[in-house]
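K.L.:
with the input below, show me the fold.
(one chain, ligands or ions: 2)
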Amino acid sequence: MSQIKHYLQFKDFSREEYGHLFARAKWIKDKFKRYEPYHPLFDRTLVMIFEKASTRTRLSFEAGMHQLGGTAIYLNTRDSQLGRGEPVEDAGQVISRMSDLVMIRTFEQDIVERFAANSRVPVINGLTNEYHPCQILADIFTYIEHRGSIQGKTVAWVGDSNNMCNTWLQAAEVLDFNVHVSTPPGYEVEPERAGLYGTANFEQFADPLEACKGADLVTTDVWTSMGFEAENEERVKAFADWCVDAEMMAVAHKDALFMHCLPAHRGEEVTAEVMDGPQSVVWDEAENRLHAQKALMEYLMLGRIED
Ligand code: CP
Ligand code: NVA
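P.N.:
Ligands and ions are numbered 1, 2, ... in the order given. All right, here's what the predicted structure looks like:
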């Protein structure tokens, strides 16, 4: 089953494949905006497995599959045998015999890897503790829409070195841009966990203001990710100075954008002024989950489709 193409982390695809996906996302988005039906996945079934909560990921995959002519089925841990100890390898065998594509949101990356190793169909990582590749796919598509190529640009990541941060770091390697990361002490990036295979595009800063200097994009995320709720109290104290504010945006490039994968907590990781301000593109970013993932599903199911 090893020849099947999965999307388990950002570095699973090449720069050239991303070029194709961004072009397809634009084509699919434009067609959708013109209300022109496009059903290349007619009669195909996507199974979505959620072991953590979701609004955007569920909605964008479910609506996206419907819009491409297929069907999406939602499973969660509570209502399926996954929550009662069925081995993930067995679930991979069974679920992939009844579907054409699987999306999983879960805890350890190892779970999606083991599922995929036993799957007869492509598997998509819909967020793990380590990575969130679908979000960064949409974020970079959004950057390109607003500012053109991201190659050579600088992204400032302020906050936790979490699944989003790890994925930005992988994306920087694949697409050749720079990431400045600033985290509180004790929460720094662990290059191995980030899946980094080089450090050329990555610099760590103790001071978030330094990380934002000259950045083309400033971005952040919740201080406490899903699965880490027990650490919330200590994180709220540790991250107090890692709130993206007007001062940080002022030292960034004058055309800098602000992004947040959402859900956001105004007054914690970002001020309301920045979140709702003129440099923020968070709503486009959320919408683009839909268009970018439609391109991803088309690519995994049908390979390269040219206009
Ligand atoms: N950004 C994101 O993945 O949102 P959800 O948790 O709502 O899916
Ligand atoms: N880092 C966050 C992202 C939520 C979309 C989490 O994992 O909870």
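K.L.:
wait, what's in contact with the closest residue to E89 other than its chain neighbours?
P.N.:
Spatial nearest neighbour of E89, excluding adjacent residues (Cβ to Cβ, 6 or more residues apart in numbering): N118 at 4.6 Å. Quick note: C-beta positions are derived from backbone N, CA and C, even for glycine. For N118, the contacting residues are 1, 88-90, 92-93, 96, by Cβ atoms under 8 Å, 6 or more residues apart in numbering.
K.L.:
and for S119?
P.N.:
1, 4, 6, 92-93, 95-96, 102.
K.L.:
contacts only, for D160.
P.N.:
183, 187, 221-225, 235, 239.
K.L.:
check the residue nearest to the spatial centre of the chain and give its pLDDT.
P.N.:
Nearest to the mean C-alpha position of the chain, counting by Cα atoms, centre = their mean, stands Q135 at 2.1 Å. Confidence at Q135, expressed as pLDDT, is 98.
K.L.:
in helices only, show me the contacts of N118.
P.N.:
Applying DSSP state H to the contacts of N118, the entries found in helices are 88-90, 92-93, 96.
K.L.:
who wins for neighbours among these?
P.N.:
When neighbours are counted by other Cβ atoms under 10 Å, G92 leads the ones in helices among the contacts of N118 with 24 neighbours.
K.L.:
re earlier: which ones are touching the residue nearest to the centre of the chain?
P.N.:
Per Cβ under 8 Å, 6+ apart, neighbours of Q135: 127, 164, 167, 261, 289.
K.L.:
so how far is E89 from it?
P.N.:
27 Å (Cβ to Cβ, to the nearest Å).
K.L.:
same check, this time on T271
P.N.:
46 Å.
K.L.:
picking that back up, can you lay out the contacts of Q135 as TSV showing pLDDT, neighbour count and secondary structure?
P.N.:
What follows is the contacts of Q135, written out as TSV (pLDDT from 0 to 100; neighbours: other Cβ atoms under 10 Å; DSSP: H, G, I helix; E, B strand; the rest coil):
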residue	pLDDT	neighbour count	secondary structure
L127	98	27	coil
M164	97	25	helix
T167	95	28	helix
C261	98	25	coil
R289	99	25	helix
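K.L.:
ligand 1: which of those is nearest?
P.N.:
C261 (3.9 Å; Cβ to the nearest ligand atom).
K.L.:
and V181, which of the three is it?
P.N.:
What DSSP: H, G, I helix; E, B strand; the rest coil gives for V181 is strand.
K.L.:
wait, it touches N201, no?
P.N.:
No - the criterion here is Cβ atoms under 8 Å, and V181 misses it with N201 at 10.9 Å.
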